[in-house]
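J.: next comes the sequence, and after it the predicted model I'd like to discuss.
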Amino acid sequence: MVLLAGPNAIGQILHAQEIKDGEALYSPSREPVKVTLGVVEDVVLSPWGISFPARIDTGADLSSLDAREIVVQNNVAHFKLGKRWGGRQLQLPVVDWRHIQTSMGIEKRPVVAISICLGSKLVRTPVTLKDRSEMMYPFLVGRSALSGTFLVDTSRSNTAQPVCSETF
């Protein structure tokens, strides 16, 4: 990658294939295509194919999954999804623990890594486990999952249906 300078190419980023005989050919910078999301989108947990409505929350650092009957043994979280979402029993390695500020105080929650299909992107992201049965949405998508790949349009909802073919 080469950063050009000069009156005709200030700030343009060119890739190696755009350079011929030491001369850079003019081309606008290539940035990854960002998917526009609304405030509510469907997500699919990969590889299980379980679909959830999710609240897109740019104010939250990490994503959060509705998990019931959470038990952590030998650094593995065992939990169930809500009955409405199939009640499936899952177990995933705990990658971290986070102290989360809530309206009731501070809670210590296990963090697992989960792959989600959001729009056309498959994203591997850290997720806290919490009983969200009292919440409207069983999945909350935080900034760590959105960073660099998505734009959020708060005037929209359900704009990017999950369509991922690959899995992690």
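T.: Yep, that arrived.
J.: now the residue nearest the centre of the chain: closest residue in space, sequence neighbours ignored.
T.: Geometric centre of the chain, nearest residue: Ala145, 2.6 Å, by Cα atoms, centre = their mean. Counting by Cβ to Cβ, 6 or more residues apart in numbering, Ala145 lies nearest to Thr125, which is 3.9 Å off, once chain neighbours are set aside. Backbone N, C-alpha and C define where each C-beta goes, glycine included.
J.: let me see the contact set for the one you found.
T.: Contact analysis of Thr125 by Cβ atoms under 8 Å, 6 or more residues apart in numbering lists Leu62, Ser63, Ala113, Ile114, Ser115, Ile116, Gly142, Ser144, Ala145.
J.: for it, report the pLDDT, please.
T.: We have a pLDDT of 96 for Thr125.
J.: what is it paired to in the beta sheet?
T.: Per DSSP bridges, the residues bridged to Thr125 are Ile114.
J.: all helices for the protein, in order.
T.: In the chain, the helices defined using DSSP state H lie at 143-146.
J.: care to break it down by domain?
T.: Per the record, the chain has its domains at 1-31, 35-152, by automatic domain parsing.
J.: highest mean neighbour count out of those?
T.: domain 35-152 (a mean of 16; mean count of other Cβ atoms under 10 Å).
J.: any idea how far Val123 is from Ala113?
T.: Distance from Ala113 to Val123, counting by Cβ to Cβ, to the nearest Å: 11 Å.
J.: equivalent analysis for Ile70, please.
T.: 23 Å.
J.: what of Thr149?
T.: For Thr149 relative to Val123 (Cβ to Cβ), the value is 7 Å.
J.: and for His99?
T.: Distance from His99 to Val123, by Cβ to Cβ: 24 Å.
J.: ok, Leu65 next?
T.: The spacing between Leu65 and Val123, counted by Cβ to Cβ, is 14 Å.
J.: and if you look at Val141?
T.: 9 Å.
J.: who touches both of these two?
T.: Overlap of the contact sets of Val141 and Val123 (by Cβ under 8 Å, 6+ apart) consists of Ile116.
J.: Pro110 touches Pro126, doesn't it?
T.: No: using Cβ atoms under 8 Å as the test, Pro110 is too far from Pro126 to be in contact (10.4 Å).
J.: identify the contacts common to those two.
T.: Counting by Cβ under 8 Å, 6+ apart, the shared contacts of Pro110 and Pro126 are Asp96.
J.: sweet, I'm off.
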